[in-house]
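Trainee: Structure for the following, please:
(one chain, ligands or ions: 1)
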Amino acid sequence: MDSLEAFKAAQAKRADLSEEARGWGIDEEFISRLVDTFYLRIQAHPDLGPVFNDRIGENWPVHLAKMKRFWESIALRTALYEGKPMETHKGLEAARPMHFSQWLVLWEDVLTELAPSDDARNYLLERARSMGTRLAKGRFGNDVEI
Ligand code: HEM
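Mentor: Purely as a prediction, here's the structure:
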């Protein structure tokens, strides 16, 4: 396969995956509602709230817009998110392993309430779990339990 064919094949695969996610009911409107609801719960959480608010301060609108781009890039393959999550989380002095499990519990709760289908819920839960595990290992070392 030459490089143009490889590029076209990769593009077709991305399109298939995003069609699949749309078939599960994941679209921009749902992601927007999911992210807004999730971070309201984060802000109200006794342990997670202060960690986020200390770091984000007045910049919540910027953070929410970034997280919507992030999840759209994952589920809908829009490729609009540019960021370095590993570095961001390695630099979070106040983070503890417990925060990663709390984050994932909230994510699961909000998905269970809002997801348009079981496939959408399970897909977004799995993506967050695998990324959360990688971020926690990056921040605390490979032996961390979250
Ligand atoms: C467990 C799964 C998690 C996922 C999938 C996740 C994902 C992300 C992503 C994609 C960003 C944007 C990074 C960037 O582009 O700079 C971000 C930012 C951030 N995350 Fe997480 N995160 C997780 C857990 C956590 C936890 C447990 C904490 C706190 C203890 C946390 C605190 C933050 C903060 C404060 C920011 C904003 C940093 C800044 O912009 O200065 N995250 N997260």
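Trainee: Right, and the ligand sits closest to which residue of this structure?
Mentor: Going by C-beta to the nearest ligand atom, the ligand is nearest to G83 of the chain, at 2.2 Å. From N, CA and C alone the C-beta is placed, and that goes for glycine too.
Trainee: mind checking the SS state of that residue?
Mentor: With DSSP: H, G, I helix; E, B strand; the rest coil as the basis, G83 sits in coil.
Trainee: What is the neighbour count of it?
Mentor: Counted by other C-beta atoms under 10 Å, the residues lying close to G83 total 12.
Trainee: ok, and the closest residue to D54 other than its chain neighbours, which helix or strand is that part of?
Mentor: Counting by C-beta to C-beta, 6 or more residues apart in numbering, D54 lies nearest to A94, which is 6.7 Å off, once chain neighbours are set aside. Assessed by DSSP states H and E, A94 sits outside every helix and strand.
Trainee: which residues does A94 contact?
Mentor: P50, V51, D54, R55 (C-beta atoms under 8 Å, 6 or more residues apart in numbering).
Trainee: Columns distance to H63 and neighbour count on top of the residues you listed, output as a markdown table?
Mentor: Formatted as a markdown table, the contacts of A94 follow (distance: C-beta to C-beta, whole Å; neighbours: other C-beta atoms under 10 Å):
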| residue | distance to H63 | neighbour count |
| --- | --- | --- |
| P50 | 15 | 12 |
| V51 | 13 | 19 |
| D54 | 13 | 11 |
| R55 | 9 | 15 |
